[in-house]
Structures are given as structure tokens and as C-alpha cells.
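**Q** I'd like to go over a predicted model; first the sequence, then the structure.
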Amino acid sequence: MTARVLIADDQPLMRAALGVALAAEPDIEVVGEAPDGRQAVQLAARLRPDVVVMDLRMPVMDGIMATRALQTAPEPRPRVLVLTTFDLDEYVVEALRAGASGFLLKDATSQELVAAVRVVAQGDAVLAPSVTRRLLERYAHRLPAAAQELSPLLATLTPRELEVLALVARGSTNAQIGEVLHVASSSVKTHVSHLLAKLGLADRVQLVVFAYENGVVNAGSL
């Protein structure tokens, strides 16, 4: 299946570079480009891409507002892969809350970009571990400190599910989690599915936001 991709970035050179990297793949088709969030939303309604590669800081309408607008569009809605830099970390959590399916650094390699688009197109999430660590450092002081402040849903999780949740929140893949916990990737996938069901969440990205907001991980645990 070919993944249809729309690129939204206010820098022409960045749009061109992203387009070249993605268009070189036989299973990816770049269907359009937008210089700002408003045009991205308009083009998405007309072109029906599977994935929007979205810069966060753009004129007219930023990536967070555009991502939020895309979530209210009629089905089928495109999934959003956010591009970020270290100095934009504070925007990433808001983008995830707005409905983004993951984030990737702007200095990622072409191979990492292509892999991320494929993962997002298939309905999974992409969480750059290095950005996740920076987010934890940035947001650690905002996380709950006392057990009574945490979500009561945490009490429904098993110790192993809590371990998996913490590792997911750090940006680890199923394979990496399996290596740490010495279990098969298929077992990790099952644990993630149980976490989503118990917590009433839609995807892996929402698990990360939940973990941040409920103190499951913190900067000191890194």
C-alpha cells in the first residue's frame, strides 16, 4: 500500500529536502506541500493524505493549531508526524495532546524519516527517544509528587505493565523494551494493548502523555 504524504513547513528548502527523501521511496507518494498550517489543513481536506509531516512553528497557523484542526476533519483523517528541534521541546506535548501521532527531530536522517512515515501510516506512533528525555527534564517539575495526586487508573496496572509504560514513555520501541525486560516483542505488544484498554487511551502517544502527567517517569529516573 502506498502512503500518501503532505509536507507542511514554512522553509522551502526543508520542504524540498523532505520531499526528495520521501518521493524516492516506491511505497510513499508526496501529494502536496504547504508553507503554513492553514494551507496544510485546506490541502489535507482536498488531497486526503494518509500522513501530514508537520513543522510546529509556522506563520498564519502553527503546527499545533493545524494538528488540532485536522482532528476535527471528516474521516478518514490524516495522521500527523511532527517535526521538532531541541529549542521547540515545549511545544511537543501540546502537539501530542492536539492529536499528533508522534514526533521526529529535524536533524533525523532520511532513513529515519522514511521509517517514521511508514510507522505512522500503519497506525502506530513514533517517539524520538532523545526528545522524550529532554521533555522529561523540561516537565519534571510539573509532574505530581505525591501518590494521592496520581490517576486512580494507575492502581489497575500490574507491576510489569508499569514497567512497560515507563519504557514506552522514554521512547523505547517494542523490541527495545523486550530486550530490557527479557521478553518477546509480541509480549510487549500485548502489554501495550492492555495498557491502552485499561487506561482508555487510543494510542502509544497518549500513553506517553499519561505517563508525563502522572509521574510514572521523571528526569531523575533517566
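**A** Now that the structure is in, tell me what you want to look at. Predicted model only: the values in this text are computed from it and were never measured.
**Q** domains of this protein: list them as residue ranges, please.
**A** Domain segmentation of the chain under automatic domain parsing yields 3-127, 144-221.
**Q** how many residues are close by residue 158?
**A** Neighbour count of residue 158, defined by other Cβ atoms under 10 Å: 12. Every C-beta, even on glycine, is put in place using the N, C-alpha and C of the backbone.
**Q** can you tell me how far it is from residue 198?
**A** Residue 158 is 9 Å from residue 198, where distance means Cβ to Cβ, to the nearest Å.
**Q** can you check residue 67 too?
**A** Remark: distance between residue 67 and residue 198 (Cβ to Cβ) = 26 Å.
**Q** go on, residue 214?
**A** Distance, residue 214 to residue 198, using Cβ to Cβ: 13 Å.
**Q** run through the chain and note the low-pLDDT ranges.
**A** Along the chain, the model assigns pLDDT under 70 to residues 86-90, 127-150, 218-222.
**Q** next, give phi and psi for the residue positioned nearest the centre of it.
**A** By Cα atoms, centre = their mean, the chain has its centre lying nearest to residue 102, at 1.1 Å. Backbone geometry at residue 102, expressed as degrees, to the nearest 10, gives phi 150, psi 180.
**Q** let me know the secondary structure of residue 217.
**A** Here residue 217 is recorded as coil under DSSP: H, G, I helix; E, B strand; the rest coil.
**Q** how about the strands in the chain?
**A** 3-8, 28-34, 51-55, 79-84, 102-105, 126-127 (DSSP state E).
**Q** can you list the strands that the first one pairs with?
**A** Same thing as strand 3-8. strand 28-34 (parallel), strand 51-55 (parallel) (DSSP bridges).
**Q** distance to residue 79 and mean neighbour count for the ones you listed - can I get that in TSV?
**A** Formatted as TSV, those follow (distance: least, Cβ to Cβ, whole Å; neighbours: other Cβ atoms under 10 Å):
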stretch	distance to residue 79	mean neighbour count
strand 28-34	14	19
strand 51-55	5	28
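**Q** no further queries at this time; thank you.
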